[in-house]
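Asks: generate coordinates for the sequence data below:
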Amino acid sequence: MSKERVLVAMSGGIDSSVAAVILHEQGYEVVGLTMKTWDYANSGGRKKETGCCSLDSINDARNIAVELGFPHLTLDIREEFGDYVINHFTTTYLAGKTPNPCVLCNTHIKWDALLRRADKLNCDYIATGHYAKVREERGRYIISKGKDLNKDQSYALWGVSQTSLSRTILPLGNLTKPEIRAFAQKRGFKDLLNKSESYEICFVPDNDYRGFLKRRVAGLEKEVHGGDFVLTDGTVVGKHQGYPFYTVGQRKGLGIALGYPVYVTAIRRDKNQVVLGRFPELLKDGMYVNELNMAKYVNLQGEKLDTITKVRYNDLGTPAVIEQEGDMMRVFFEEGVHAIAPGQAAVFYEGDDVIGGGWITHSFNQNQAAEAAIAAQSQ
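Replies: Prediction:
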């Protein structure tokens, strides 16, 4: 007897393919689905079409399905992906912040698109090849870190809704990458073993986001070119290429020499300024986070909670106390954190569990907390 019917998101890569095979072998009635999120012909980049949206990847996913005897479909979500993810990507950079399109896509596009199609196909569950775990605990669905901490993707899933998580299966959560490769090799999927992994933004295949912005926003260079590089005290030390082309923490590609290493410490969009400073000036011990999605603790109003907080995907995390203020979360780090970039996701952990997360609006040092609160509320 078959178990429930599950719709598996298949990119054509080894992880999602193995996830589909595992569920098939466990007796689920599997339906494979590959989502077309972006047309590389429209990107204007120089790199050959590769990755999850390419024709080769779609065919690779279909071949797995054909070999195992389950159906495979493709879903064109380019319009909704472009309208939401790419527009947010460009407007965030134009606001002087640093976007995280992969988290946004998971939260607002992929899971929603999967669930809508799952309902049409009478599928009980959806599944992906993410390295993370999901469980139900006292009526709440909790994301936690995957077994392979080097590949863990729980950070990217903080924004997935409770409704979506209640129907989500993550087959790779208890496996490591070497175990997944061994699984594919044992079952004869040699083509999967030879596929390289992509770490680029899917709609910026040449990894040149500046070029993408220039092509996407007409007249951008003319509008933002020629602003000032300034030090923290306002001293002008040079001209930049346009504030959207820089991110907090950046050192390379500044095109300026001051006789000592400098980093981007802040972006002042309203003044078309990029602020430079030495490495210690990147250190902040507090930040504000908005657009919260809290899973393990729904409401922390009036309470403080000890956490490990990540401010970027590859961050190991830093001990922090979080305290909710209205619809914002105020975060105090026990030790300072370098290069906290507004626009990036902040994710709060309790052990391996994701408590929740949100988007960074503003960072500060604790002796500037009052000024930071005013600035955060204006974001």
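Asks: what ranges does the stretch 251-379 of the chain have for its strands?
Replies: 263-268, 273-277, 283-294, 304-310, 318-325, 328-338, 345-350, 353-364 (DSSP state E, counting those that start in this stretch).
Asks: so which elements touch the last one?
Replies: If contacts are counted by 3 or more C-beta pairs under 8 Å, 6 or more residues apart in numbering; DSSP states H and E, strand 353-364 sits against strand 140-145, strand 283-294, strand 345-350, helix 369-377. C-beta coordinates here come from the backbone N, C-alpha and C atoms, glycine included.
Asks: tilt between it and strand 345-350?
Replies: 130 degrees (axes from the mean of the first three to the mean of the last three C-alpha atoms, to 10 degrees).
Asks: now do the buried residues in strand 353-364.
Replies: 353-364 (16 or more other C-beta atoms under 10 Å).
Asks: coming back round to it: among the strands of the stretch 251-379 of the chain, which is nearest Val230?
Replies: Among the strands of the stretch 251-379 of the chain, strand 273-277 comes nearest to Val230, with 5.1 Å by C-beta to C-beta.
Asks: so what strands line up beside that closest one?
Replies: Strand 273-277 sits in its sheet next to strand 228-231 (parallel), strand 263-268 (antiparallel), going by DSSP bridges.
Asks: okay, now the unreliable bits of the stretch 51-200 of the chain?
Replies: Within the stretch 51-200 of the chain, the segments meeting pLDDT under 70 span 51-54, 196, 198-199.
Asks: quick one, helices of it?
Replies: Secondary structure of the stretch 51-200 of the chain, counting by DSSP state H, counting those that start in this stretch: helices at 55-68, 78-81, 87-94, 101-105, 111-120, 162-165, 177-186, 190-193.
Asks: residues in contact with the residue most central in space within the chain?
Replies: Centroid-nearest residue in the chain, with C-alpha atoms, centre = their mean: Val103, separated by 3.0 Å. Val103 makes contacts with 155-156, 158-159, 345, as judged by C-beta atoms under 8 Å, 6 or more residues apart in numbering.
Asks: now do Gly255
Replies: So Gly255 contacts 238, 240-241 (C-beta under 8 Å, 6+ apart).
Asks: Leu68 now?
Replies: Shown in contact with Leu68 (C-beta under 8 Å, 6+ apart): 20-21, 24, 30.
Asks: tell me the one of these nearest Asn194?
Replies: Val21 (16.9 Å).
Asks: the closest one - that's part of a helix, no?
Replies: Yes. Per DSSP: H, G, I helix; E, B strand; the rest coil, Val21 lies within a helix segment.
Asks: surely it meets Gly188?
Replies: No. Val21 lies out of contact with Gly188 (C-beta atoms under 8 Å); the separation is 10.8 Å.
Asks: before we move on, back to that, in a markdown table, list the helices and strands packed on strand 353-364 along with mean neighbour count and distance to Thr34.
Replies: What follows is those, written out as a markdown table (neighbours: other C-beta atoms under 10 Å; distance: least, C-beta to C-beta, whole Å):
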| stretch | mean neighbour count | distance to Thr34 |
| --- | --- | --- |
| strand 140-145 | 21 | 24 |
| strand 283-294 | 20 | 27 |
| strand 345-350 | 25 | 26 |
| helix 369-377 | 15 | 40 |
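Asks: thank you kindly, that will do.
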